[in-house]
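Novice: Whatever this is, show me its structure:
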Amino acid sequence: MNIVLSGFGAVGQAAAHVLMNKAKEWERTYGIRIEITAVLDRSGAVVHSSGLDLKQLLQMKAETGGVDNGALPPRNVDQLWVDSRADIFIDAAETNTLTGGSGLPLIQSALKHGLDVVCVSKGALAYGWDDLHELAEACGRTIKYSGAAAAALPTVDTALYSLAGAEVHTIEGLLNGTSNLIVTRVAAENITLQKAWETAKKEGKAEADPSEDIGGKDTALKMYFLAKACLTPEINWKSITIRGLDQLSAVEWKQAEQGKTKWKLVGKARKTEQGTTVSVEPKLLTAEHPFFHVDGAEKAVLFSTDTMGTVLVSGGASSPTGAAAAAWKDVIHLARERA
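Specialist: Predicted structure coming up:
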């Protein structure tokens, strides 16, 4: 199974490390041999049809900041799929929801050339969900996106596989590990949201743009994907209402009582006879709510169904390794489905 990987930042490099550590185990367990045969980043691309030397590639990235040392001539995208003998394209490049980012044209091209696609980046899906899924269906290919929909927390798989046959009415999500880490610190250390966010940013755990984490945008994107996959394809990204933690007043922050109530940034998607609504907002939770006990960078999702009751999945703390592992899970599933 040959992989083209776009994006060699924190998640892309974590994907390389995970594969180096797990490839032999996966081959023994699943009978699947996985090779990364091409990597793209802002510097260019490097390709080897029999598999790249990932250790050497990581060293080059650390020393030069890129994967392309100029030794190979530039390739057009069509030729890239041929030269790499690719089966699956992983998009782990920077997210851009306004244009779909670099991933959008690459995903379109990959599907047209017969590749399945695994999305870690959210930009292309947010910008062109409907068009991309229509294209995938027309090409007989599949798009998987565990890494984009809460990464190590198995949200989509739980809904589509473990809850198969049940009708999901409501989804609640504590889906941004960084914002959960931040509110946990606000409560435990009695500090301001701004101070907690600045600390997380210095640690490399928070996005440079606060609207992504504490502003609720990342949670909204993940809820959008879940609503599209599990409730209705008719939901529109622009219809989602978002109120971030940064919109809580000082008076509201003081309403939280130590050990009794906690602020959490919660996404909610609900299907009714009138349609499906998706929202993100801070909720002051009591100890009776299952999200009350999910702290630090951990995440959680709660499904309410007609026949299986309520199902809670929690854990999957945010990290590049967790996101990379979710992408490899999708690759393994695709390989087994195509076998």
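
Novice: C-alpha only now, for contacts and for neighbours.
Specialist: OK.

Novice: Would you map the helices across the chain?
Specialist: 10-30, 54-64, 77-84, 103-112, 123-139, 155-157, 177-189, 193-202, 217-230, 250-253, 320-338 (DSSP state H).

Novice: tell me how far the fourth one is from the chain's mean position?
Specialist: For helix 103-112, the gap between its own C-alpha mean and the chain's C-alpha mean amounts to 18 Å (CA atoms, centre = their mean, to the nearest Å).

Novice: Tell me which other helices or strands that helix touches.
Specialist: helix 77-84, strand 88-91, strand 116-119, helix 123-139 (3 or more CA pairs under 8 Å, 6 or more residues apart in numbering; DSSP states H and E).

Novice: How far does stretch 283-294 sit from its chain's centre?
Specialist: 24 Å.

Novice: Over to it now: how far is its first residue from its last?
Specialist: 14 Å (CA to CA, to the nearest Å).

Novice: May I see the buried residues of it?
Specialist: Within stretch 283-294, the residues that count as buried by 16 or more other CA atoms under 10 Å are Leu284, Leu285, Thr286, Phe291, Phe292, Val294.

Novice: what's next to it, contact-wise?
Specialist: For stretch 283-294, contacts defined as CA atoms under 8 Å, 6 or more residues apart in numbering pick out 174, 256, 260-266, 300, 312, 314-315.

Novice: give me the number of residues near the closest residue to Leu52 other than its chain neighbours?
Specialist: Among residues not flanking Leu52 along the chain, Thr37 sits closest, at 5.5 Å (CA to CA, 6 or more residues apart in numbering). The local packing of Thr37 (other CA atoms under 10 Å) involves 26 other residues.

Novice: From Ala297, how far out is Ala10?
Specialist: 17 Å.

Novice: ok, the two, which is more surrounded?
Specialist: Shown here are Ala10 and Ala297; by other CA under 10 Å, Ala297 has more neighbours (21 against 15).

Novice: Can you pull the phi and psi angles for the more buried one?
Specialist: Backbone torsions of Ala297, given as degrees, to the nearest 10, read phi -90, psi 10.

Novice: I'd assumed Leu174 was in contact with it.
Specialist: No: between Ala297 and Leu174 there is no contact under CA atoms under 8 Å: 10.1 Å.

Novice: what touches both of the two?
Specialist: Asn180.

Novice: Quick one: residues contacting Thr310.
Specialist: Leu302, Phe303, Ser304.

Novice: So which of those residues wins on neighbours?
Specialist: Within these, most neighbours by other CA under 10 Å means Phe303, with 22 neighbours.

Novice: what about it, distance to Asp157?
Specialist: On the measure of CA to CA, Phe303 and Asp157 end up 12 Å apart.

Novice: Counting neighbours, what do you get for Glu257?
Specialist: 13.

Novice: Sorry, wrong one. I was asking about Pro233.
Specialist: Going by other CA under 10 Å, the residues that sit close to Pro233 add up to 15.
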